[in-house]
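# Test case, fold it:
(chains A and B)
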Amino acid sequence: MANTVVDIADMKIAQGKGNELVTYALGSCIAVAIYDPVSQVGGMIHYMLPEASLNPNKARENPFMFADSGIPLLFREAYQRGADRSRIQIKLAGGANVMDSSNFFNIGKRNYLAARKLFYKNNLLISAELVGGVSGKNMRMELGGGQVEIKLPGGEVRIL
Amino acid sequence: MISIEELKERVEEIPPLPDLVLRLLDMCRDPDIAPRDIVEVIKHDPALTMNVLRLCNSTFYGLPRKISSLQEAMVYIGTDALVNFVLAGHLSRYYRKRQDGYGLDEGMLWRNAVGTAICSQRVAEIADRSLSGSAFTCGLLHCIGKIILNAYVAEEFQKLLDLVERTGIPFVQAEREILGFTHAQIGAVVADHWGLPPEIVESIRYYNDPLRATTNQKLVAIVHVGSILCISFGIGVGSDGLAYIFHPGALNLLEIRVDDLFALSIEIHDQFKNAEEILSLV
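This is a model prediction of the structure:
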């Protein structure tokens, strides 16, 4: 079983039974997992911030730090490896926020909206998601069938 | 509920900080102290001297040439960084252990302490540069109370989590309601027991509620913002998750904007990656 870790501000592609993509410590960051059940090609990105305009130089150096520069690359690379747009399943997790009645420090929400906006513009539907709240999360995707597991505090696991 | 007597006993069980560390922390606050005075204190400890040199030669600092003496080290990294490194070395033994109550595997509380230290230092650099050394120190210490409260949190974990989920109160308030004390209060008691200066004790006590601080409100506001940044980016986050209140008043006090913080978080990400080398050094 090959287990590939997707770091913070990172993206990885994997394929086929026996392989897994996993990312840890999702706070306000968001992980997007995509999967094509026919080619069994999948990918995962773990981005930190919504827009590359926050630091365009950094976005050129590492596009996976931002939703709008990283997510398109995730799809492009998955397509190049054989995934087909018509079959792609999209699953999201993360985007937690600290408690803030002023809605000032809403980075998790902004991260989530950035992904939603991209998918909407490209006519893509989110298949399942576990976003928001105040819990940290880990995400794991198995590439044989595309099952995505989200691990919550206390060991609870949810299947997306 | 934990009784005051029981709490005192637990705190007494924690070994004191070595005199060397306390002395260095004191010297740091004295504007008349010269770097050579600090060198005088450290040079008698060969293991520490070697570690300081390893730190200076790590990629974290990325210095252009190899540093081979303490005097040179002081020139490059400065007094505050050196003292913080020595403090970190002593704290790591407490922080590295698993903290099951908070759902933290081995080393995760340590990552949270170092992550908050780095975030606080960076916030200080844009808010008030003169506080950057102290901000790092306070960041390292802010969650020290968790090493005591951990065992009690473990016993009442489900109750705590249910209370947070059901009522939407922050985790520290659930600690107070179910256990009688918050990890911040207990951390302050530990810092006081160690004889740390009042502004450090205060920063631990009020890092979740910075506007209640009276000794150095700005420093506490910096550590507050640093701790919020650290958990937002998932560094050493446990079962208490992001269930902490963000106080926008801290930003007003520091005269910084939320967007400054987002820009800062990009640099912090890079810095933390380099700091992982330091995490393994101390």
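# Next SSE downstream of the helix ranked longest in chain B?
As assigned by DSSP state H, the longest helix anywhere in chain B is helix B:70-95. Toward the C-terminus, helix B:70-95 is succeeded by helix B:108-127 as the next helix or strand (DSSP states H and E).
# Taking helix B:70-95 as reference, get the angle to that following helix.
Using axes from the mean of the first three to the mean of the last three CA atoms, to 10 degrees, one finds that helix B:108-127 and helix B:70-95 are set 130 degrees apart in direction.
# I'd say residue A:75 and residue A:34 touch.
Yes: here residue A:75 reaches residue A:34: they are 6.7 Å apart, a contact under CB atoms under 8 Å. Where you see a C-beta, it was placed from the backbone N, CA and C, and this is true even at glycine.
# how deep is residue 132 tucked in, by neighbour count?
Just so you know, I chose chain A. Neighbour count for residue A:132, taken as other CB atoms under 10 Å in any protein chain shown: 13.
# let's do chain B instead
Applying other CB under 10 Å, we find 21 residues neighbouring residue B:132.
# ok, the closest residue to it other than its chain neighbours to residue B:254 distance?
Once flanking residues are discounted, residue B:132 sits nearest to residue B:124: 4.1 Å by CB to CB, 6 or more residues apart in numbering or on different chains. From residue B:124 over to residue B:254 the distance is 9 Å, taken as CB to CB, to the nearest Å.
# more neighbours, the two?
residue B:124 (27 against 22).
# got the contact list for the more buried one?
B:131, B:132, B:134, B:135, B:222 (CB atoms under 8 Å, 6 or more residues apart in numbering or on different chains).
# Let me know the pLDDT of it.
pLDDT recorded at residue B:124 is 96.
# Can you see whether the helix or strand harbouring residue B:223 contacts chain A, counting any residue in it?
Counting by DSSP H and E, the element that carries residue B:223 is helix B:217-232. Yes: remark: helix B:217-232 sits within contact range of chain A at B:228, B:231, B:232, by CB under 8 Å from any CB of the partner chain.
# and that helix, what other elements does it pack with?
helix B:108-127, helix B:132-141, helix B:198-206, helix B:248-254, helix B:258-281 (3 or more CB pairs under 8 Å, 6 or more residues apart in numbering or on different chains; DSSP states H and E).
# Centre of the chain to that helix, how far?
10 Å (CA atoms, centre = their mean, to the nearest Å).
# how many degrees apart are it and helix B:198-206 in direction?
Per the same axes, to 10 degrees, the angle that helix B:217-232 makes with helix B:198-206 is 40 degrees.
# quick one on the thing from earlier: find residues that contact each of residue B:124 and residue B:254.
residue B:222.
# Okay, the residue positioned nearest the centre of chain A and chain B: tell me how far apart.
When CA atoms, centre = their mean is applied to chain A, the residue found nearest the centroid is residue A:32 (1.6 Å). Relative to chain B, residue A:32 is positioned 16 Å away (CB to the nearest CB, to the nearest Å).
# wait, is that residue part of a helix?
No: Residue A:32 is assigned strand when assessed by DSSP: H, G, I helix; E, B strand; the rest coil, not a helix.
# for the chain, which spans come out with low pLDDT?
Just so you know, I chose chain A. Counting by pLDDT under 70, chain A shows low-confidence ranges at A:1.
# hm, I was asking about chain B
Low-confidence segments of chain B (pLDDT under 70): B:277-282.
# Tell me who's in contact with the spatially most central residue of it.
Nearest residue to the geometric centre of chain B (CA atoms, centre = their mean): residue B:140, 1.8 Å. If a contact means CB under 8 Å, 6+ apart, then residue B:140 has B:84, B:87, B:88, B:91, B:113, B:114, B:116, B:117 as its contacts.
# what's the neighbour count on the first one?
Residue B:84: 24 surrounding residues under other CB under 10 Å.
# from memory it sits against residue B:137, does it?
Yes: using CB under 8 Å, residue B:84 is in contact with residue B:137, at 5.7 Å.
# how about the strands of chain A, start to end?
Under the criterion DSSP state E, strands of chain A are mapped to A:2-5, A:10-15, A:19-26, A:30-36, A:41-47, A:89-94, A:128-131, A:137-142, A:148-151, A:157-159.
# Tell me the residues on chain B that lie near chain A, please.
B:103, B:157-158, B:161, B:164, B:168, B:170, B:228, B:231-235, B:237-246, B:248, B:251, B:258-259, B:261-263, B:265-266, B:269.
# which of the residues you listed count as buried?
Burial by neighbour count, 16 or more other CB atoms under 10 Å in any protein chain shown: within these this picks out B:103, B:157, B:161, B:164, B:170, B:228, B:231-235, B:237-246, B:251, B:258, B:261-263, B:265-266, B:269.
# Kindly state the beta-bridge partners for the residue nearest to the centre of chain A.
Residue A:32 forms beta bridges with residue A:45, residue A:92, as assigned by DSSP bridges.
# Ranking the strands of chain A by mean neighbour count, which comes first?
Neighbour counts (mean count of other CB atoms under 10 Å in any protein chain shown) averaged over each of the strands of chain A peak at strand A:41-47, with a mean of 28.
# Could you tell me the angle between that one and strand A:137-142?
Strand A:41-47 and strand A:137-142 are oriented at 170 degrees to each other (the same axes, to 10 degrees).
# tell me what strand A:41-47 is packed against?
Using 3+ CB pairs under 8 Å, 6+ apart: strand A:41-47 touches strand A:10-15, strand A:19-26, strand A:30-36, helix A:67-80, strand A:137-142.
# of all the residues of helix B:217-232 next to chain A, which comes closest to residue B:197?
Nearest to residue B:197 out of the residues of helix B:217-232 next to chain A is residue B:228 (CB to CB; 23.8 Å).
# who touches the closest one in this structure?
Residue B:228 touches A:98, A:105, B:244, B:246, counting by CB under 8 Å, 6+ apart.
# Can you name the two of those that sit furthest apart?
Greatest spatial distance in the contacts of residue B:228: A:105 and B:244, 10.4 Å, computed using CB to CB.
# I'd guessed residue A:127 sits against residue A:119; true?
No: using CB under 8 Å, residue A:127 is not in contact with residue A:119, being 10.7 Å away.
# Spell out which residues are contacts of both of the two.
Both residue A:127 and residue A:119 are in contact with residue A:90, where contact means CB under 8 Å, 6+ apart.
# Grab the nearest non-local neighbour of residue B:73.
Per CB to CB, 6+ apart, closest to residue B:73 is residue B:56, 4.6 Å.
# Distance of the one you found relative to chain A?
Separation of residue B:56 from chain A (CB to the nearest CB) stands at 27 Å.
# returning to what we had before: what touches both of residue A:75 and residue A:34?
A:43, A:88.
# count of neighbours near residue 60?
Unless you meant another one, I'm taking chain A. Neighbours of residue A:60 using other CB under 10 Å come to 10.
# ah, no, chain B please
Neighbour count of residue B:60, defined by other CB under 10 Å: 19.
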